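>>> Show me how the following folds:
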Amino acid sequence: MSLSIQNLHVTADDKDILKGVNLEVSKGKVVVIMGPNGSGKSTLANTLAGHPTYHVTQGTILLDNEDITSAKPDLRAKKGMFLSMQYPPGIDGVTVANFLRLAVNAQRGETQNPLHVHALLVEKMKELNIDESFLTRYVNVGMSGGEKKRLEILQMSVLEPTYAILDETDSGLDVDALRIVSEGINRFRSDKTGVLLITHYNRILEYVTPDEIHIMVDGKIVKSGGAELAIEIEKVGYDALKNI
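Numbers count the residues shown, from 1 in each chain. Presented below is the predicted three-dimensional model:
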């Protein structure tokens, strides 16, 4: 069982962005996509989550053998997919506690006991070393970049999806925030979950050990390998792969 991407072609604003991507994220695996800015990494993440701006013109997305290529974003989430966005939006007037409570209710298809949900939130926050006062703040409003990323990881921990797509979750983090986010990813990792980790740099891979690394350039995967591939990219850069 896996999240399988087969010959995926995607356009946005009449521009071809993804040009035949093949990828598989199996349960128990952390699969990493690396690549320069503008290579199509975030387009892939948003397409998998069902963002309406991105149009699949060819190819298929299978979630545990079920075709979800045309499925609505909320259905994908209910079936076990989670997206941590590169730039999560702020929601003024909505507290983190209420946001997560409603998300849990929506995912499980029925209203949960608020006390049970609160206990779950507190438990997960302790695991991620997040102060309980965080629950009273408005979602992503007045938060630092590190706080926004911690909230994304808290959402993932609470919702317990089957497949997590993490789009540059390490972007702009200081060392302490990077460590906390990485610990959250490692806690989530299991033989029942799969992770697609999208990053520009090797830094987070010092904390999260990948099973596979794929390099994306100009909407295509041009090279694949193990953890050593990230070290190679650190040395030679992405320009060395553009003509592959």
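>>> Can you tell me how far residue 225 is from residue 103?
36 Å (Cβ to Cβ, to the nearest Å). For the C-beta atoms, the positions are set from N, CA and C on the backbone; glycine is no exception.
>>> what's the answer for residue 85, then?
Using Cβ to Cβ, one gets 14 Å for the distance from residue 85 to residue 103.
>>> okay, the two: which has more neighbours?
More neighbours surround residue 85 than the other of residue 85 and residue 103, with 19 against 15 (other Cβ atoms under 10 Å).
>>> mind listing what the more buried one touches?
With contact set as Cβ atoms under 8 Å, 6 or more residues apart in numbering, residue 85 has these partners: 45, 152, 167.
>>> Tell me which residues touch the most centrally placed residue in the chain, please.
The central residue of the chain, meaning the one whose C-alpha is nearest the mean C-alpha position (Cα atoms, centre = their mean), is residue 166 at 1.9 Å. Applying Cβ under 8 Å, 6+ apart, we find residue 166 in contact with 84, 152, 156, 185, 195-198.
>>> Can I get the buried ones among these as something I can paste into PyMOL?
Only the buried members of the contacts of residue 166 end up in this PyMOL selection, burial being decided by 16 or more other Cβ atoms under 10 Å:
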select buried, resi 84+152+156+185+195+196+197+198
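>>> need the contacts of residue 166 in JSON lines with secondary structure, pLDDT and distance to residue 172, can you?
Conversion of these to JSON lines gives the following (DSSP: H, G, I helix; E, B strand; the rest coil; pLDDT from 0 to 100; distance: Cβ to Cβ, whole Å):
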{"residue": "84", "secondary structure": "strand", "pLDDT": "92", "distance to residue 172": "14"}
{"residue": "152", "secondary structure": "helix", "pLDDT": "92", "distance to residue 172": "13"}
{"residue": "156", "secondary structure": "helix", "pLDDT": "94", "distance to residue 172": "18"}
{"residue": "185", "secondary structure": "helix", "pLDDT": "94", "distance to residue 172": "17"}
{"residue": "195", "secondary structure": "strand", "pLDDT": "97", "distance to residue 172": "20"}
{"residue": "196", "secondary structure": "strand", "pLDDT": "98", "distance to residue 172": "20"}
{"residue": "197", "secondary structure": "strand", "pLDDT": "97", "distance to residue 172": "16"}
{"residue": "198", "secondary structure": "strand", "pLDDT": "95", "distance to residue 172": "15"}
